[in-house]
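Visitor: Fold the following, please.
(chains A and B)
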Amino acid sequence: MDQISGWVREAQAGNRYALNQLIDHYQNDIFRFVYYRVHHLTDAEDLTQDIFIQVIKRIRTVKDQNLFKAWLFRIASNRVTDYFRKKRLLFFIGTSADLESDHCETSENDSPETQIYKKEFTMRLKLLSKDLSKWEREIFLMRYIDDLDIKEIALILNKKTSTIKTHLYRALQKFKKHKKFRELLQTAKR
Amino acid sequence: MSLQQTKHLNDDNILWTLITPDMLQANEKQHFQACPVCRDKQTSLLQELNEINIRSREYLPKPKRNLRPVTIEKSASPVFYRMKHGLVYACMVMICVGGVFGLWPTQKKSPINSVAIEQTQKNIAELLQTMDTNQQTNNDSILPVTFQYIVPDEFEIMSEPFYDYVFPISTQEINDS
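Guide: As a prediction, the model looks like this:
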(Lines give C-alpha, C1' and ligand atoms only; values in the text may rest on other atoms or scores of the structure.)
Protein backbone atom coordinates (compact mmCIF):
# COMPACT_ATOMS: atom_id res chain seq x y z
CA MET A 1 0.00 0.00 0.00
CA ASP A 2 2.94 2.31 0.74
CA GLN A 3 4.18 1.81 -2.79
CA ILE A 4 0.75 2.75 -4.15
CA SER A 5 0.57 5.92 -2.08
CA GLY A 6 4.11 6.73 -3.21
CA TRP A 7 3.05 6.37 -6.84
CA VAL A 8 0.00 8.52 -6.16
CA ARG A 9 2.17 11.24 -4.61
CA GLU A 10 4.56 11.14 -7.55
CA ALA A 11 1.73 11.10 -10.09
CA GLN A 12 0.27 14.16 -8.37
CA ALA A 13 3.63 15.86 -8.81
CA GLY A 14 3.43 15.14 -12.55
CA ASN A 15 5.44 11.93 -12.82
CA ARG A 16 4.03 10.10 -15.83
CA TYR A 17 5.82 6.85 -15.04
CA ALA A 18 4.14 6.68 -11.61
CA LEU A 19 0.78 7.39 -13.20
CA ASN A 20 1.28 4.57 -15.71
CA GLN A 21 2.29 2.25 -12.88
CA LEU A 22 -0.93 3.07 -11.06
CA ILE A 23 -3.03 2.49 -14.17
CA ASP A 24 -1.28 -0.80 -14.93
CA HIS A 25 -1.72 -1.94 -11.34
CA TYR A 26 -5.45 -1.29 -11.21
CA GLN A 27 -6.60 -1.71 -14.81
CA ASN A 28 -7.57 -5.38 -14.43
CA ASP A 29 -9.46 -4.73 -11.19
CA ILE A 30 -11.36 -1.84 -12.72
CA PHE A 31 -12.06 -3.74 -15.91
CA ARG A 32 -13.43 -6.67 -13.88
CA PHE A 33 -15.47 -4.27 -11.73
CA VAL A 34 -17.03 -2.73 -14.84
CA TYR A 35 -17.44 -5.93 -16.86
CA TYR A 36 -19.42 -7.82 -14.18
CA ARG A 37 -21.85 -4.90 -14.02
CA VAL A 38 -22.36 -4.07 -17.69
CA HIS A 39 -21.74 -7.60 -19.09
CA HIS A 40 -20.56 -6.15 -22.39
CA LEU A 41 -16.92 -6.30 -23.47
CA THR A 42 -16.70 -3.18 -25.67
CA ASP A 43 -18.70 -1.06 -23.25
CA ALA A 44 -16.54 -2.30 -20.39
CA GLU A 45 -13.39 -1.33 -22.30
CA ASP A 46 -14.78 2.12 -23.08
CA LEU A 47 -15.86 2.69 -19.50
CA THR A 48 -12.51 1.53 -18.13
CA GLN A 49 -10.72 4.01 -20.37
CA ASP A 50 -13.13 6.76 -19.33
CA ILE A 51 -12.48 5.99 -15.69
CA PHE A 52 -8.72 6.25 -16.14
CA ILE A 53 -9.09 9.49 -18.09
CA GLN A 54 -10.99 10.90 -15.11
CA VAL A 55 -8.29 9.56 -12.81
CA ILE A 56 -5.59 11.35 -14.83
CA LYS A 57 -7.59 14.58 -14.80
CA ARG A 58 -8.42 14.54 -11.11
CA ILE A 59 -5.53 12.77 -9.43
CA ARG A 60 -4.28 16.08 -8.02
CA THR A 61 -7.50 16.35 -5.99
CA VAL A 62 -6.73 13.20 -3.95
CA LYS A 63 -5.95 14.46 -0.45
CA ASP A 64 -5.19 11.19 1.32
CA GLN A 65 -2.94 9.03 -0.85
CA ASN A 66 -3.77 5.95 1.24
CA LEU A 67 -7.39 6.18 0.13
CA PHE A 68 -6.56 6.14 -3.58
CA LYS A 69 -8.10 2.69 -4.13
CA ALA A 70 -11.41 3.72 -2.58
CA TRP A 71 -11.33 6.96 -4.57
CA LEU A 72 -10.66 5.05 -7.81
CA PHE A 73 -13.46 2.55 -7.21
CA ARG A 74 -15.84 5.36 -6.34
CA ILE A 75 -15.13 6.94 -9.73
CA ALA A 76 -15.73 3.54 -11.35
CA SER A 77 -18.98 3.05 -9.44
CA ASN A 78 -20.24 6.51 -10.42
CA ARG A 79 -19.27 5.97 -14.04
CA VAL A 80 -21.17 2.67 -14.16
CA THR A 81 -24.22 4.35 -12.62
CA ASP A 82 -24.01 7.06 -15.30
CA TYR A 83 -23.75 4.38 -17.98
CA PHE A 84 -26.96 2.67 -16.83
CA ARG A 85 -28.76 6.00 -16.46
CA LYS A 86 -27.82 6.91 -20.02
CA LYS A 87 -28.72 3.45 -21.31
CA ARG A 88 -32.12 3.56 -19.58
CA LEU A 89 -32.81 6.92 -21.19
CA LEU A 90 -31.81 5.63 -24.63
CA PHE A 91 -33.96 2.55 -24.08
CA PHE A 92 -37.01 4.70 -23.36
CA ILE A 93 -36.29 6.90 -26.36
CA GLY A 94 -35.97 3.75 -28.44
CA THR A 95 -32.39 4.05 -29.70
CA SER A 96 -31.00 1.29 -27.47
CA ALA A 97 -32.06 -2.27 -28.20
CA ASP A 98 -31.61 -3.88 -24.80
CA LEU A 99 -31.53 -2.54 -21.28
CA GLU A 100 -29.57 -5.53 -19.94
CA SER A 101 -27.18 -7.43 -22.12
CA ASP A 102 -27.70 -11.21 -22.24
CA HIS A 103 -24.52 -11.63 -24.18
CA CYS A 104 -21.72 -13.78 -22.74
CA GLU A 105 -18.19 -13.34 -24.05
CA THR A 106 -16.50 -16.63 -24.85
CA SER A 107 -13.07 -17.10 -26.31
CA GLU A 108 -12.30 -19.40 -29.23
CA ASN A 109 -9.48 -20.90 -27.19
CA ASP A 110 -11.90 -22.05 -24.48
CA SER A 111 -12.85 -25.71 -24.41
CA PRO A 112 -16.57 -26.46 -24.94
CA GLU A 113 -16.83 -27.38 -21.27
CA THR A 114 -15.34 -24.07 -20.17
CA GLN A 115 -17.65 -22.19 -22.53
CA ILE A 116 -20.65 -23.92 -20.97
CA TYR A 117 -19.38 -23.16 -17.46
CA LYS A 118 -18.77 -19.56 -18.42
CA LYS A 119 -22.28 -19.13 -19.79
CA GLU A 120 -23.84 -20.91 -16.83
CA PHE A 121 -21.78 -18.88 -14.35
CA THR A 122 -22.74 -15.58 -16.03
CA MET A 123 -26.40 -16.57 -16.20
CA ARG A 124 -26.53 -17.67 -12.55
CA LEU A 125 -24.73 -14.54 -11.40
CA LYS A 126 -27.22 -12.40 -13.31
CA LEU A 127 -30.13 -14.31 -11.78
CA LEU A 128 -28.70 -13.75 -8.33
CA SER A 129 -28.12 -10.06 -9.09
CA LYS A 130 -31.75 -9.70 -10.14
CA ASP A 131 -32.82 -11.21 -6.87
CA LEU A 132 -30.81 -8.72 -4.83
CA SER A 133 -31.72 -5.12 -4.13
CA LYS A 134 -29.54 -2.36 -5.57
CA TRP A 135 -27.31 -1.99 -2.50
CA GLU A 136 -27.22 -5.72 -1.76
CA ARG A 137 -26.08 -6.40 -5.33
CA GLU A 138 -23.48 -3.66 -5.30
CA ILE A 139 -22.04 -4.74 -1.96
CA PHE A 140 -22.12 -8.45 -2.78
CA LEU A 141 -20.28 -7.88 -6.07
CA MET A 142 -17.73 -5.58 -4.42
CA ARG A 143 -17.09 -8.08 -1.65
CA TYR A 144 -16.92 -11.33 -3.59
CA ILE A 145 -16.02 -10.36 -7.14
CA ASP A 146 -13.91 -7.27 -6.63
CA ASP A 147 -12.44 -8.68 -3.43
CA LEU A 148 -12.83 -5.46 -1.46
CA ASP A 149 -13.12 -5.58 2.31
CA ILE A 150 -15.99 -4.07 4.25
CA LYS A 151 -14.10 -0.92 5.24
CA GLU A 152 -13.16 -0.24 1.63
CA ILE A 153 -16.75 -0.80 0.48
CA ALA A 154 -17.97 1.60 3.17
CA LEU A 155 -15.52 4.24 1.94
CA ILE A 156 -16.44 3.74 -1.71
CA LEU A 157 -20.18 3.87 -1.13
CA ASN A 158 -19.87 6.50 1.60
CA LYS A 159 -21.86 4.41 4.08
CA LYS A 160 -21.36 3.12 7.60
CA THR A 161 -19.70 -0.28 7.99
CA SER A 162 -22.73 -1.49 9.96
CA THR A 163 -24.98 -0.68 6.97
CA ILE A 164 -22.62 -2.54 4.65
CA LYS A 165 -22.65 -5.55 6.95
CA THR A 166 -26.44 -5.63 7.11
CA HIS A 167 -26.78 -5.44 3.32
CA LEU A 168 -24.12 -8.11 2.89
CA TYR A 169 -25.87 -10.36 5.39
CA ARG A 170 -29.16 -10.04 3.47
CA ALA A 171 -27.36 -10.69 0.19
CA LEU A 172 -25.78 -13.85 1.63
CA GLN A 173 -29.17 -15.02 2.83
CA LYS A 174 -30.46 -14.70 -0.73
CA PHE A 175 -27.32 -16.32 -2.14
CA LYS A 176 -27.92 -19.34 0.08
CA LYS A 177 -31.28 -19.86 -1.60
CA HIS A 178 -29.70 -20.05 -5.08
CA LYS A 179 -28.94 -23.73 -4.85
CA LYS A 180 -28.16 -24.21 -8.55
CA PHE A 181 -25.59 -21.46 -8.46
CA ARG A 182 -24.02 -22.99 -5.35
CA GLU A 183 -23.96 -26.42 -6.99
CA LEU A 184 -22.28 -24.93 -10.02
CA LEU A 185 -19.64 -23.34 -7.82
CA GLN A 186 -19.08 -26.60 -6.00
CA THR A 187 -18.63 -28.54 -9.24
CA ALA A 188 -16.32 -25.88 -10.62
CA LYS A 189 -14.28 -26.19 -7.43
CA ARG A 190 -13.74 -29.90 -8.07
CA MET B 1 -19.30 -25.98 29.42
CA SER B 2 -18.80 -28.89 27.00
CA LEU B 3 -19.44 -28.88 23.26
CA GLN B 4 -22.48 -31.14 23.65
CA GLN B 5 -24.11 -28.75 26.09
CA THR B 6 -24.28 -25.82 23.65
CA LYS B 7 -26.41 -25.82 20.52
CA HIS B 8 -24.99 -25.69 17.00
CA LEU B 9 -25.01 -22.25 15.42
CA ASN B 10 -28.02 -21.60 13.25
CA ASP B 11 -27.68 -20.61 9.58
CA ASP B 12 -27.97 -16.91 10.33
CA ASN B 13 -25.14 -17.04 12.82
CA ILE B 14 -23.02 -18.98 10.35
CA LEU B 15 -23.60 -16.16 7.88
CA TRP B 16 -22.58 -13.60 10.49
CA THR B 17 -19.32 -15.47 11.05
CA LEU B 18 -18.54 -14.77 7.39
CA ILE B 19 -19.21 -11.07 7.74
CA THR B 20 -18.20 -10.21 11.26
CA PRO B 21 -17.53 -12.76 14.00
CA ASP B 22 -18.06 -10.02 16.60
CA MET B 23 -21.81 -10.39 16.20
CA LEU B 24 -21.69 -13.76 17.98
CA GLN B 25 -22.09 -14.03 21.72
CA ALA B 26 -19.20 -15.33 23.81
CA ASN B 27 -20.61 -18.85 24.22
CA GLU B 28 -21.45 -19.03 20.50
CA LYS B 29 -17.91 -17.98 19.65
CA GLN B 30 -16.51 -20.67 21.91
CA HIS B 31 -18.78 -23.27 20.37
CA PHE B 32 -17.90 -22.20 16.85
CA GLN B 33 -14.20 -22.49 17.54
CA ALA B 34 -14.60 -25.97 18.97
CA CYS B 35 -17.38 -27.44 16.79
CA PRO B 36 -16.21 -29.08 13.52
CA VAL B 37 -19.81 -29.28 12.16
CA CYS B 38 -20.36 -25.53 12.40
CA ARG B 39 -16.90 -24.83 11.07
CA ASP B 40 -17.50 -27.17 8.13
CA LYS B 41 -20.72 -25.33 7.31
CA GLN B 42 -18.93 -22.00 7.38
CA THR B 43 -15.96 -23.29 5.38
CA SER B 44 -18.22 -24.76 2.71
CA LEU B 45 -20.06 -21.47 2.28
CA LEU B 46 -16.83 -19.49 2.32
CA GLN B 47 -15.36 -21.73 -0.36
CA GLU B 48 -18.38 -21.17 -2.57
CA LEU B 49 -18.00 -17.43 -2.17
CA ASN B 50 -14.27 -17.62 -2.86
CA GLU B 51 -15.10 -19.68 -5.92
CA ILE B 52 -17.16 -16.75 -7.22
CA ASN B 53 -14.05 -14.60 -7.01
CA ILE B 54 -11.83 -17.22 -8.65
CA ARG B 55 -14.29 -17.94 -11.47
CA SER B 56 -15.00 -14.26 -12.09
CA ARG B 57 -11.28 -13.71 -12.63
CA GLU B 58 -10.93 -16.81 -14.77
CA TYR B 59 -13.99 -16.13 -16.93
CA LEU B 60 -13.23 -12.47 -17.41
CA PRO B 61 -12.70 -11.93 -21.15
CA LYS B 62 -9.41 -10.36 -22.15
CA PRO B 63 -9.78 -6.78 -23.33
CA LYS B 64 -9.12 -6.47 -27.05
CA ARG B 65 -7.33 -3.15 -26.72
CA ASN B 66 -5.04 -1.33 -24.37
CA LEU B 67 -7.04 0.05 -21.47
CA ARG B 68 -4.51 2.69 -20.59
CA PRO B 69 -5.66 5.98 -22.12
CA VAL B 70 -3.34 7.11 -24.88
CA THR B 71 -1.62 10.38 -24.09
CA ILE B 72 -1.03 12.65 -27.06
CA GLU B 73 2.43 14.18 -27.15
CA LYS B 74 2.45 17.86 -27.94
CA SER B 75 4.61 18.48 -31.00
CA ALA B 76 5.13 22.17 -30.41
CA SER B 77 6.56 23.80 -27.33
CA PRO B 78 4.23 25.28 -24.70
CA VAL B 79 5.61 28.75 -25.52
CA PHE B 80 4.26 28.39 -29.04
CA TYR B 81 0.83 27.37 -27.70
CA ARG B 82 0.89 30.28 -25.27
CA MET B 83 1.72 32.72 -28.06
CA LYS B 84 -0.91 31.21 -30.33
CA HIS B 85 -3.56 31.41 -27.65
CA GLY B 86 -2.51 34.97 -26.83
CA LEU B 87 -2.88 35.93 -30.46
CA VAL B 88 -6.32 34.35 -30.66
CA TYR B 89 -7.46 36.18 -27.50
CA ALA B 90 -6.10 39.49 -28.83
CA CYS B 91 -7.99 39.02 -32.11
CA MET B 92 -11.16 38.19 -30.19
CA VAL B 93 -10.81 41.35 -28.08
CA MET B 94 -10.21 43.44 -31.20
CA ILE B 95 -13.28 41.99 -32.91
CA CYS B 96 -15.40 42.68 -29.81
CA VAL B 97 -14.10 46.24 -29.48
CA GLY B 98 -14.59 46.81 -33.19
CA GLY B 99 -18.12 45.46 -32.96
CA VAL B 100 -19.01 47.77 -30.08
CA PHE B 101 -17.48 50.89 -31.59
CA GLY B 102 -18.77 50.00 -35.05
CA LEU B 103 -22.29 50.49 -33.80
CA TRP B 104 -21.53 54.15 -32.97
CA PRO B 105 -22.19 56.74 -35.74
CA THR B 106 -18.97 57.47 -37.57
CA GLN B 107 -20.12 60.55 -39.59
CA LYS B 108 -19.86 63.79 -37.69
CA LYS B 109 -22.84 66.07 -37.72
CA SER B 110 -22.13 69.20 -39.81
CA PRO B 111 -21.92 72.35 -37.71
CA ILE B 112 -24.86 74.76 -37.98
CA ASN B 113 -24.15 77.38 -40.53
CA SER B 114 -25.11 80.65 -38.87
CA VAL B 115 -24.66 82.64 -42.10
CA ALA B 116 -27.19 80.41 -43.92
CA ILE B 117 -29.68 80.81 -41.06
CA GLU B 118 -29.34 84.53 -41.17
CA GLN B 119 -29.84 84.53 -44.92
CA THR B 120 -32.93 82.33 -44.65
CA GLN B 121 -34.42 84.51 -41.92
CA LYS B 122 -33.76 87.55 -44.10
CA ASN B 123 -35.47 85.89 -47.09
CA ILE B 124 -38.51 84.94 -45.00
CA ALA B 125 -38.76 88.51 -43.67
CA GLU B 126 -38.64 89.87 -47.22
CA LEU B 127 -41.31 87.42 -48.35
CA LEU B 128 -43.58 88.39 -45.48
CA GLN B 129 -43.08 92.03 -46.27
CA THR B 130 -43.97 91.42 -49.92
CA MET B 131 -47.16 89.61 -48.89
CA ASP B 132 -48.10 92.53 -46.64
CA THR B 133 -47.49 94.96 -49.45
CA ASN B 134 -49.58 92.87 -51.86
CA GLN B 135 -52.43 92.71 -49.39
CA GLN B 136 -52.32 96.45 -48.90
CA THR B 137 -52.54 97.03 -52.67
CA ASN B 138 -55.40 94.44 -52.99
CA ASN B 139 -53.29 92.22 -55.11
CA ASP B 140 -54.03 88.47 -54.79
CA SER B 141 -50.71 87.35 -56.07
CA ILE B 142 -48.10 86.20 -53.63
CA LEU B 143 -45.32 87.17 -55.99
CA PRO B 144 -43.37 90.40 -55.56
CA VAL B 145 -44.60 93.22 -57.74
CA THR B 146 -41.48 93.12 -59.92
CA PHE B 147 -42.18 89.46 -60.91
CA GLN B 148 -45.91 89.71 -61.44
CA TYR B 149 -45.61 90.79 -65.05
CA ILE B 150 -43.38 87.79 -65.95
CA VAL B 151 -45.68 85.08 -64.70
CA PRO B 152 -49.36 85.87 -65.13
CA ASP B 153 -51.57 84.84 -62.28
CA GLU B 154 -54.17 83.15 -64.38
CA PHE B 155 -53.01 80.95 -67.23
CA GLU B 156 -55.11 78.28 -68.91
CA ILE B 157 -53.81 75.05 -67.46
CA MET B 158 -56.70 73.14 -69.07
CA SER B 159 -55.67 74.07 -72.56
CA GLU B 160 -52.38 72.25 -72.30
CA PRO B 161 -52.66 68.63 -73.55
CA PHE B 162 -49.82 67.46 -71.35
CA TYR B 163 -51.47 68.72 -68.17
CA ASP B 164 -54.71 67.13 -69.28
CA TYR B 165 -52.94 63.84 -69.44
CA VAL B 166 -51.36 64.25 -66.00
CA PHE B 167 -54.49 65.62 -64.33
CA PRO B 168 -57.36 64.17 -66.39
CA ILE B 169 -60.69 65.84 -65.86
CA SER B 170 -63.73 63.72 -66.39
CA THR B 171 -65.77 66.34 -68.12
CA GLN B 172 -63.11 66.98 -70.73
CA GLU B 173 -61.97 64.50 -73.33
CA ILE B 174 -58.28 63.91 -73.75
CA ASN B 175 -57.06 64.91 -77.06
CA ASP B 176 -54.52 62.28 -78.11
CA SER B 177 -53.38 64.16 -81.10
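Visitor: and the longest helix seen in chain B, what's its mean pLDDT?
Guide: Longest helix of chain B, by residue count under DSSP state H: helix B:78-102. The pLDDT scores in helix B:78-102 average 85.
Visitor: Would you tell me what helix or strand the residue nearest to the spatial centre of chain A is located in?
Guide: Centroid-nearest residue in chain A: A:Phe33, 1.9 Å away (criterion: Cα atoms, centre = their mean). Element membership for A:Phe33 (DSSP states H and E) is helix A:16-38.
Visitor: Whether that helix contacts chain B - can you check?
Guide: Yes. Helix A:16-38 comes into contact with chain B (Cβ under 8 Å from any Cβ of the partner chain), by way of A:Arg16, A:Asn20, A:Ile23, A:Asp24, A:Gln27, A:Asn28, A:Ile30, A:Phe31, A:Arg32, A:Tyr35, A:Tyr36. For the C-beta atoms, the positions are set from N, CA and C on the backbone; glycine is no exception.
Visitor: And that helix, what's buried?
Guide: A:18-19, A:21-23, A:26-27, A:29-38 (16 or more other Cβ atoms under 10 Å in any protein chain shown).
Visitor: Equivalent analysis for stretch A:71-80, please.
Guide: Buried, per 16+ other Cβ under 10 Å, within stretch A:71-80: A:Trp71, A:Leu72, A:Phe73, A:Ile75, A:Ala76, A:Ser77, A:Arg79, A:Val80.
Visitor: Just the ones in helices from those, please.
Guide: Among these, the ones falling in helices (DSSP H) are A:Trp71, A:Leu72, A:Phe73, A:Ile75, A:Ala76, A:Ser77, A:Arg79, A:Val80.
Visitor: Just give me the closest of those residues to chain B.
Guide: A:Ala76 (12.2 Å; Cβ to the nearest Cβ).
Visitor: Who are the contact partners of the closest one?
Guide: Residues counted as contacts of A:Ala76 (Cβ atoms under 8 Å, 6 or more residues apart in numbering or on different chains) are A:Ile30, A:Phe33, A:Val34, A:Leu47, A:Ile51.
Visitor: now do A:Ala188
Guide: With contact set as Cβ under 8 Å, 6+ apart, A:Ala188 has these partners: A:Tyr117, A:Phe121, B:Glu51, B:Arg55.
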